[in-house]
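In: Just to be clear, the model below is a prediction. Sequence and coordinates:
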Amino acid sequence: EHPQLIVLDEVRADEPAMIAPLLANEDAPRQIWSFRGTTVTKRLQSSLSMLARMADSTQSEHMVYQLHRRLPFVVSLKLRQGQLQLREIAEWQFPEASPAEDDAPIYANYVPLLEFGDTLTGKRPQNQLNLPDTFWTN
């Protein structure tokens, strides 16, 4: 009745109302969403933003903000020669400074932390992870 975690497999753009409660409710459970298809950064950011906006057009920018806040990490996997391989780990990071206007939307940036499955980018996560600090320098 009140799960601590929800895993959504194959989130589809033609069903935005299904995700609205997961973005609008403050007490929504932890979430993992699964998508199939290309992981081109600009396309992914655009598609997710459109999906969030369509979930509730009366508060579209808030829904985009909530999506990035509730799903802070993006893990990209690829099936190659029958094996699942890690491609990238990225994080939606919010700018440190708030916008000049109070009503201006705050957009997150897509920041790759790990590329090509094993190469650190030198960027650090904004969200706290239970990893030793040396992880990001090795």
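Out: Received it, and whenever you're ready, just let me know what you need. It should be emphasised that the depicted structure is a prediction, and the values quoted were computed from it without experimental measurement.

In: Which stretches in this protein count as strands?
Out: For the chain, the strands defined by DSSP state E cover 5-8, 30-33, 73-80, 83-93, 109-115, 119-120.

In: List the buried residues in the longest one.
Out: Applying a neighbour-count criterion of 16 or more other C-beta atoms under 10 Å, the buried positions in strand 83-93 are 88, 89, 90, 91, 92, 93. Quick note: C-beta positions are derived from backbone N, CA and C, even for glycine.

In: can you give me how far that strand is from the chain middle?
Out: Centre-to-centre, strand 83-93 and its host chain are 11 Å apart (C-alpha atoms, centre = their mean, to the nearest Å).

In: and the direction of it versus that of strand 109-115, what angle?
Out: Angle, strand 83-93 to strand 109-115, by axes from the mean of the first three to the mean of the last three C-alpha atoms, to 10 degrees: 140 degrees.

In: Isn't residue 22 up against residue 7?
Out: No: taking C-beta atoms under 8 Å as the definition, residue 22 is not a contact partner of residue 7, at 11.5 Å.

In: No further queries at this time; thank you.
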